[in-house]
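**Q** Predicted structure and sequence below. I'll ask about it afterward.
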Amino acid sequence: MKSLKNKIDWKKISGLIPAIIQDASSGGVLMLGYMDKEALAKTEKTGVVWFYSRTKQRLWKKGETSGNTLRVKDIKLDCDSDALLVKATPAGPTCHTGDVSCFNEEAPRDEIRELFSTIERRKKELPGGSYTTTLFKAGLDRMAFKLAEESLEVIQAATKETEQRLIEETTDLLFHLFVLLVAKKVDLGMIEKEMRKRANSKDSTRRRKG
């Protein structure tokens, strides 16, 4: 992640830049905070969100007492270079009241991204008793075998079984595909970028060779 602090006119904004925090999975707005140059630098360096407290007049890490930290996925500067959009994965409720959002609304659910984020956490933590953990420990060959197996089960369901079985087998296939992607350090953003590139290409409807 490239540093943004040198692209900001800190004098223009009196040393503090508003930072909108957005759930990286659901797209819901979680909170608004303020960063000074040091808070932004610590956020970029540590990968978790830091703010500058205007009341306490000091830096503070979101979740430093509650444990409900915000893991940074991406940071963007707006067109006027005077506001930040921080996409993050929350470790728990963002608001001190216990609500998901400081704006007193439930963030929209995105089950696909939530599943992907859960698999990413499993890879980092490798909790005991988790099927996902066993796949990561078994290695790439086992993951590829399971993906091939699940693909065949989707075909079987599509050609010979019920719609419900097709839905169930497709869900299993997506899970095993996501495990393989996480193991290879490919995230959903990379897939979406490729999809947008193909959608915008004049040749997007042509059959691709190889």
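**A** On my side now, so go ahead.
**Q** can we go C-alpha only for contacts and neighbour counts from here?
**A** Will do.
**Q** any idea how far Lys193 is from Lys185?
**A** In this structure, Lys185 and Lys193 are 15 Å apart, going by Cα to Cα, to the nearest Å.
**Q** And for Cys102?
**A** 30 Å.
**Q** Repeat that for Arg58.
**A** Counting by Cα to Cα, the gap from Arg58 to Lys193 is 38 Å.
**Q** can I assume Pro10 sits in a helix?
**A** Not quite, residue 10 is Trp, not Pro. No: assessed with DSSP: H, G, I helix; E, B strand; the rest coil, Trp10 is coil; it does not lie in a helix.
**Q** one step back: Cys102 and Lys193 - which one has more neighbours?
**A** Neighbours were counted for Cys102 and for Lys193 using other Cα atoms under 10 Å; Cys102 has more, 17 against 11.
**Q** per-residue pLDDT, the spatially closest residue to Leu4 that is not a sequence neighbour?
**A** In this structure, Leu4 finds its nearest non-sequential neighbour in Leu77, 7.5 Å apart by Cα to Cα, 6 or more residues apart in numbering. Looking at Leu77, its pLDDT stands at 94.
**Q** Pull the contacting residues for Leu77.
**A** Leu4, Ala83, Leu84, Leu85 (Cα atoms under 8 Å, 6 or more residues apart in numbering).
**Q** So Ile21, which state does it fall into?
**A** What three-state DSSP gives for Ile21 is strand.
**Q** Identify the residue nearest it in space, chain neighbours excluded?
**A** In space, Ile21 comes closest to Val86 once its chain neighbours are excluded; the distance is 4.9 Å by Cα to Cα, 6+ apart.
**Q** any idea which helix or strand comes after the helix or strand harbouring that neighbour?
**A** Element membership for Val86 (DSSP states H and E) is strand 84-90. Downstream of strand 84-90, the next assigned helix or strand under DSSP H and E is helix 111-125.
**Q** quick revisit: beta partners of the residue nearest to Leu4?
**A** Taking DSSP bridges, one obtains Leu84 as the residues bridged to Leu77.
**Q** Any figure for the gap between the residue nearest the centre of the chain and Glu149?
**A** Nearest to the mean C-alpha position of the chain, by Cα atoms, centre = their mean, lies Ala24 at 4.3 Å. Relative to Glu149, Ala24 is positioned 31 Å away (Cα to Cα).
**Q** Same question for Ile75.
**A** Ile75 is 38 Å from Glu149, where distance means Cα to Cα.
**Q** where in this structure is pLDDT low?
**A** 1-2, 105-109, 202-210 (pLDDT under 70).
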